[in-house]
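Chemist: Curious how this folds, go ahead:
(chains A and B)
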Amino acid sequence: MVGEALNARDEILARLRTALADAPPPVEVPRRYRRAAEPADRVEILVDRLEDYQAAVHRDRDALPRILAEVDRLAVPADVPAAWLAGFDGQLHRDAPPLPLAELDSVDAVLTGCAVAIADTGTIVLDAGPTQGRRALTLVPDRHICVVRTDQIVGLVPEAFARLDPRAPLTWISGPSATSDIELNRVEGVHGPRRLEVVLLTPEAAG
Amino acid sequence: MSQRATPPHGGGRITAPLPFPTAARPEVADSQLRANLRRATRTIRGKRQRVVDEVPDWAALRDAGAAIKADVQRRLPELLERFEAAATAAGARVHWARDAAEACRVVVELSRAAGATEVVKVKSMATQEIELNEALAESGIAAYETDLAELIVQLGDDTPSHILVPAIHYNRAQIREIFRRRMADAPPELSDEPRELAEAARTHLRRRFLSAKVAVSGANFAVADTGTLVVVESEGNGRMCLTLPQTLISVVGVEKIVPSFADLEVFLQLLPRSSTGERMNPYTSMWTGVTPGDGPQEVHIVLVDNGRSAVLADPVGRQALSCIRCSACLNVCPVYERAGGHAYGSVYPGPIGAILSPQLTGVADNASLPYASTLCGACYDACPVKINIPEVLIHLRQQAPHPAAERATMRGLSWIMRNPRRYAAALRAARLGTGPLGTSRQRRTGARTLRWLPWPGSAWTQSRDAPLPAPQTFREWWEKR
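Modeler: Below is the predicted model of the structure:
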């Protein structure tokens, strides 16, 4: 090391190796926590948790056309299933080519699907895969309408990780945007979509 | 004392400028502050307990979380190299910083290279620690905090007082006043309804989000196998910063590593429930390098040491590096609840701060912090990764400088107690010496303690009673049976 300045990387790694000179023994990680839940009432638990965090949940077959009837300007990913838009007669803003931010900021709502939903925590996970589009699409509009197929629902957090690929950009959503920064009370509605509406469909109905 | 060199300590906003008792005195006397803290910590304690109680395998999750972190510490150099390789392969650029100043320099250079005169920021303890906002300002770059509580603190020219809720020391009326005075576009009729305050922040930051070129974030976790970074948040300001700007710079402490993507399944259950008392926080973002056509196309990661290698060098103290910054220990701490975060003088307040700050800076520079505790142990029970905070506090107290008289006394006591005959003789002498005092006080009040001792014992009895020797020891009683 004499006469030669180490770069930051090598110096930090050398420091860390010095710090471990006592050679701590190997650690066995006990994984006794639940990796999977009983399949029973996933849908009921998901609905309960979503509603607890102020997301609106719709479960009937006509929910989608009914919700879209009150939307004028709707943003959708390029690959939105045609069946979801049946009867929609407002302005459609398809994200292909990518919509400018100002236009995304001016629509009334965005309609997407999701990758996985977790019942235990009331969480919807987006992975920029089919029917979801890029991340900005579900972020800038003030209202997010999200279609969840019942076969996308898992029970627990570890089950969701088993289905996800870290190479995709992942967004986990649990209720609408909120803050606990004022006296530690939860208030809905800050920078993300202030309304989150979840439409539950069976795989057949989702097309 | 070991012969090998200890890695250098860190700098930044982690050294208490005043001893804890001095800094705490005015805070404890502030009845408004105490009311705000009492209310907020009570609320969050209740919420945390409810969502922890509904998880049947909480204990197993804690065991797993603690073990994963201990394993990471043991393999940190190798895991960091693996993280660097994976993140680089995914299109990120990885930078290393030995200390706070070097980390700031890297971020300033990267921001300049991106042509930014302003950056938007996601709440990050690491950037508070290295005093990044100040460094950016000195270089003519304005840093805008976008987390609501950070925004309140920044507008109020204040410093954070809590890890999770930096503005916990303000109530809603005080927040409205700060917005009215310092937020140019705040509506004049703004009330102190939390909903209206949040709306004001939304409007205030919206245009900035949509036009920002550079964002600066921290990270809650960094996955070694995949090069993935994770940011856990509530408001959506994090998603805005992590998604919309062209350039993203993330400042990450080297201890944030977890080995595999699946290890996150443990921490994403432990963190939200311990932190905000929610089953899951509203938004969590995970990204791996650059995704073409989606989000920032220039992704930088700055890995920061700043004293962490010195913490790692202490076999007892290194468990402090397991901290996932949930702040559950602050919320259950009787000392934090009364003194508040500013009394600790570091960005890391509360029980975890009392063991982390002195280790990052070296105990001599933060000698009062290991004493900012009653050793009640509530923090250990609440910690989701089972950091034995009381154990480390006692360990650090032993390293803190002690007055010569105290050291001499302890040496003397140690000599006496090493030998049973000397010990028995000393007890007899003590009983004789305190006898008249003790009996009269015991007759009067029934107490087996003394209220005050003459100097230098008075330093002890200033805040506690001194116990009297028992009239008969167990051995004496045993021999007489």
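Chemist: Chain neighbours aside, what residue packs nearest to residue 187?
Modeler: I went with chain A, as the question did not name one. In space, residue A:187 comes closest to residue B:194 once its chain neighbours are excluded; the distance is 4.4 Å by C-beta to C-beta, 6 or more residues apart in numbering or on different chains. No exception for glycine: its C-beta is placed from N, CA and C like everyone else's.
Chemist: ah, I was thinking of chain B
Modeler: Closest residue in space to residue B:187, ignoring its immediate chain neighbours: residue B:200 at 6.6 Å, by C-beta to C-beta, 6+ apart.
Chemist: What residues sit buried inside the helix or strand encompassing the one you found?
Modeler: Residue B:200 is located in helix B:194-211, with elements delineated by DSSP states H and E. Buried residues in helix B:194-211, counted by 16 or more other C-beta atoms under 10 Å in any protein chain shown: B:194, B:196, B:197, B:198, B:199, B:200, B:201, B:202, B:204, B:205, B:209, B:210.
Chemist: and those as TSV, adding pLDDT?
Modeler: Below are these laid out as TSV (pLDDT from 0 to 100):
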residue	pLDDT
B:194	90
B:196	91
B:197	92
B:198	90
B:199	90
B:200	91
B:201	90
B:202	90
B:204	91
B:205	93
B:209	94
B:210	93
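Chemist: Which helix or strand in chain B has the lowest average pLDDT?
Modeler: Here the helix or strand of chain B ranked lowest by mean pLDDT, DSSP states H and E is helix B:420-445, holding a mean of 80.
Chemist: tell me the pLDDT at residue A:30?
Modeler: Looking at residue A:30, its pLDDT reads 98.
Chemist: how far away is it from residue A:125?
Modeler: Note on residue A:30: its distance to residue A:125, by C-beta to C-beta, to the nearest Å, is 26 Å.
Chemist: hey, C-alpha coordinates of stretch B:126-135 in PDB?
Modeler: The C-alpha coordinates for stretch B:126-135 follow below in PDB (Å, rounded to 0.1, in the frame of the first residue of the first chain):
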ATOM      1  CA  ALA B 126     -28.200   8.700   4.500                       C
ATOM      2  CA  THR B 127     -28.400  12.100   2.700                       C
ATOM      3  CA  GLN B 128     -29.300  13.800   6.000                       C
ATOM      4  CA  GLU B 129     -26.400  12.100   7.700                       C
ATOM      5  CA  ILE B 130     -23.900  13.300   5.000                       C
ATOM      6  CA  GLU B 131     -25.400  16.800   5.000                       C
ATOM      7  CA  LEU B 132     -26.000  16.600   1.200                       C
ATOM      8  CA  ASN B 133     -28.500  19.500   1.000                       C
ATOM      9  CA  GLU B 134     -25.900  21.900   2.400                       C
ATOM     10  CA  ALA B 135     -23.200  20.600   0.000                       C
END
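Chemist: related to what we said a few turns ago, counting neighbours, go ahead and name the busier of residue A:30 and residue A:125.
Modeler: residue A:125 (23 against 12; other C-beta atoms under 10 Å in any protein chain shown).
Chemist: Tell me the secondary structure of the more buried one, please.
Modeler: strand (DSSP: H, G, I helix; E, B strand; the rest coil).
Chemist: and residue B:11, which of the three is it?
Modeler: coil.
Chemist: phi, psi of the residue nearest to it when sequence neighbours are not counted?
Modeler: Distance criterion C-beta to C-beta, 6+ apart; nearest residue to residue B:11, sequence neighbours excluded, is residue B:100 at 4.7 Å. Main-chain torsions, residue B:100, degrees, to the nearest 10: phi -60, psi -50.
Chemist: hang on, residue B:100 packs against residue B:8?
Modeler: No: Residue B:100 is beyond contact range of residue B:8, at 11.7 Å (criterion: C-beta atoms under 8 Å).
Chemist: what sits against the residue nearest to residue B:11?
Modeler: Going by C-beta atoms under 8 Å, 6 or more residues apart in numbering or on different chains, residue B:100 touches B:10, B:11, B:12, B:129, B:130, B:131, B:304, B:306.
Chemist: any chance of the residues you listed in JSON lines, plus neighbour count and pLDDT?
Modeler: Shown next, in JSON lines, are those (neighbours: other C-beta atoms under 10 Å in any protein chain shown; pLDDT from 0 to 100):
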{"residue": "B:10", "neighbour count": "26", "pLDDT": "92"}
{"residue": "B:11", "neighbour count": "18", "pLDDT": "92"}
{"residue": "B:12", "neighbour count": "26", "pLDDT": "93"}
{"residue": "B:129", "neighbour count": "27", "pLDDT": "97"}
{"residue": "B:130", "neighbour count": "30", "pLDDT": "97"}
{"residue": "B:131", "neighbour count": "18", "pLDDT": "96"}
{"residue": "B:304", "neighbour count": "31", "pLDDT": "98"}
{"residue": "B:306", "neighbour count": "27", "pLDDT": "97"}
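Chemist: With respect to residue B:467, which of those residues is nearest?
Modeler: Distance to residue B:467 across the contacts of residue B:100 (C-beta to C-beta) is lowest for residue B:10, with 40.6 Å.
Chemist: Pretty sure the closest one sits against residue B:310.
Modeler: Yes: counting by C-beta under 8 Å, residue B:10 does reach residue B:310; the two are 7.3 Å apart.
Chemist: Identify the contacts common to the two.
Modeler: By C-beta under 8 Å, 6+ apart, the residues touching both residue B:10 and residue B:310 are residue B:360.
Chemist: contacting residues around residue 164?
Modeler: With no chain named, the answer covers chain A. So residue A:164 contacts A:115, A:116, A:125, A:127, A:170, B:261 (C-beta under 8 Å, 6+ apart).
Chemist: The intended chain is chain B.
Modeler: Per C-beta under 8 Å, 6+ apart, neighbours of residue B:164: B:275, B:276, B:325, B:326, B:327, B:330.
Chemist: where exactly do the strands run in chain A?
Modeler: Counting by DSSP state E, chain A has strands at residues A:56-58, A:73-76, A:91-94, A:109-112, A:116-118, A:123-126, A:143-149, A:153-154, A:170-173, A:178-179, A:187-188, A:195-201.
Chemist: Can you report how many residues neighbour residue A:48?
Modeler: Counted with other C-beta under 10 Å, residue A:48 comes out at 13.
Chemist: Please tell me how far it sits from chain B.
Modeler: 11 Å (C-beta to the nearest C-beta, to the nearest Å).
Chemist: Quickly note the distance from the residue nearest to that residue when sequence neighbours are not counted to residue B:229.
Modeler: Among residues not flanking residue A:48 along the chain, residue A:122 sits closest, at 7.8 Å (C-beta to C-beta, 6+ apart). Relative to residue B:229, residue A:122 is positioned 24 Å away (C-beta to C-beta).
Chemist: Around chain A, which positions in the stretch 251-400 of chain B sit nearby?
Modeler: Neighbours of chain A within the stretch 251-400 of chain B, by C-beta under 8 Å from any C-beta of the partner chain: B:254, B:261-262, B:264-266, B:268-269, B:272, B:276, B:278-288, B:291, B:293-295, B:303, B:305, B:309-310, B:312-313, B:315, B:318.
Chemist: phi, psi of residue 132?
Modeler: No chain was given, so I picked chain A. phi -120, psi -30.
Chemist: so how far is chain B from it?
Modeler: 10 Å.
Chemist: okay, now that residue: neighbour count?
Modeler: 22.
Chemist: show me what contacts it?
Modeler: A:77, A:112, A:113, A:114, A:115, A:126, A:138.
Chemist: Swap in 7 Å and give it another go.
Modeler: Neighbour list for residue A:132: A:77, A:112, A:113, A:114, A:115, A:126 [criterion: C-beta atoms under 7 Å, 6 or more residues apart in numbering or on different chains].
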